[in-house]
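**Q** Show me how the following folds:
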Amino acid sequence: MRQIHGLPRWSGLSFTEILLISFALAMDCFAVSYATSLAGKVNHPMETLRLAFFFGLFQGGMPFLGWLGGSAFQSYLAPFDHWLAFGLLAFIALHLFYEAWQGDDLPAESRALSWQGLLLLSLATSVDALAAGLSFSVLDTGIVTPVISIGIVAALMTFLGIFLGRITRSRLDRYAAVLGGLILLGIGIRILVVHIQTGV
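**A** The predicted structure follows:
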């Protein structure tokens, strides 16, 4: 670590810059956890901890993979990573629409977020983080601090999203699942639009 203009720097990026990147990457985690909580998929403390842990793990792990793989790994995944994220989010959204249509006929255990759903959401919210890992590699930035920062911030934003989702859900009743699905679908569409507009 060295000092540049009064700010500590880790081989290329300051801690403030790493923190800003962490919050930027965590926005999808916040939105998805909010939508998931709104849809009634997270109801117990252990489910909350599980979602926050997996979101933090995947968000921190993807930049590490990007940093390790470098440009070759990123160039392999880049052509379809946005479609992957969109497809995963759209799949979960359609499942929420189906559950909202079924109403109270669904058994209680089916309302909880399954392990498959947890993995799909974790992957969908973290594929963009591969590019961040590549940028750390290109900028000759150490990966330990970014991985820890990104993972912790993602977990904290997940907690916040779940908390706000619970507050909102109590006012929307069964329509909360539909709104949660629309939010997930909107995130997926945004990912596609950004890719089309920027070409990255």
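**Q** use CA for all of it now, contacts and neighbours both
**A** Noted.
**Q** I'd like the distance between R190 and I143.
**A** Distance, R190 to I143, using C-alpha to C-alpha, to the nearest Å: 28 Å.
**Q** Between those two, which is the more surrounded one?
**A** Neighbours were counted for R190 and for I143 using other C-alpha atoms under 10 Å; I143 has more, 18 against 14.
**Q** L94 versus L57, what's the distance?
**A** 25 Å.
**Q** err, D28, not the other one
**A** D28 is 18 Å from L94, by C-alpha to C-alpha.
**Q** Give me the more crowded residue out of these two.
**A** Neighbours were counted for D28 and for L94 using other C-alpha under 10 Å; D28 has more, 21 against 16.
**Q** excluding its backbone neighbours, what's nearest that one?
**A** T125 (5.8 Å; C-alpha to C-alpha, 6 or more residues apart in numbering).
**Q** check contacts around that neighbour.
**A** Shown in contact with T125 (C-alpha atoms under 8 Å, 6 or more residues apart in numbering): 28-29, 32, 55, 59, 85.
**Q** Looking at those residues, which one is closest to V178?
**A** Nearest to V178 out of those is V32 (C-alpha to C-alpha; 13.4 Å).
**Q** which residues are contacting the host helix or strand of that closest one?
**A** Using DSSP states H and E, V32 falls within helix 15-38. Here helix 15-38 makes contact (C-alpha under 8 Å, 6+ apart) with 7-9, 42-43, 51, 55, 59, 121, 125-126, 128-129, 146, 149-151, 153-154, 157-166, 168-169, 176-177, 179-181, 183-184, 187.
**Q** Which helix or strand contains the residue lying closest to F54 once chain neighbours are set aside?
**A** Ranked by C-alpha to C-alpha, 6+ apart and with sequence neighbours excluded, the top spatial neighbour of F54 is S122, at 6.3 Å. For S122, the host element (DSSP H and E) is helix 115-124.
**Q** Show me what the helix or strand following that helix is packed against.
**A** With elements assigned by DSSP H and E, the helix or strand that comes after helix 115-124 is helix 129-138. Counting contacts by 3 or more C-alpha pairs under 8 Å, 6 or more residues apart in numbering; DSSP states H and E, helix 129-138 is packed against helix 45-102.
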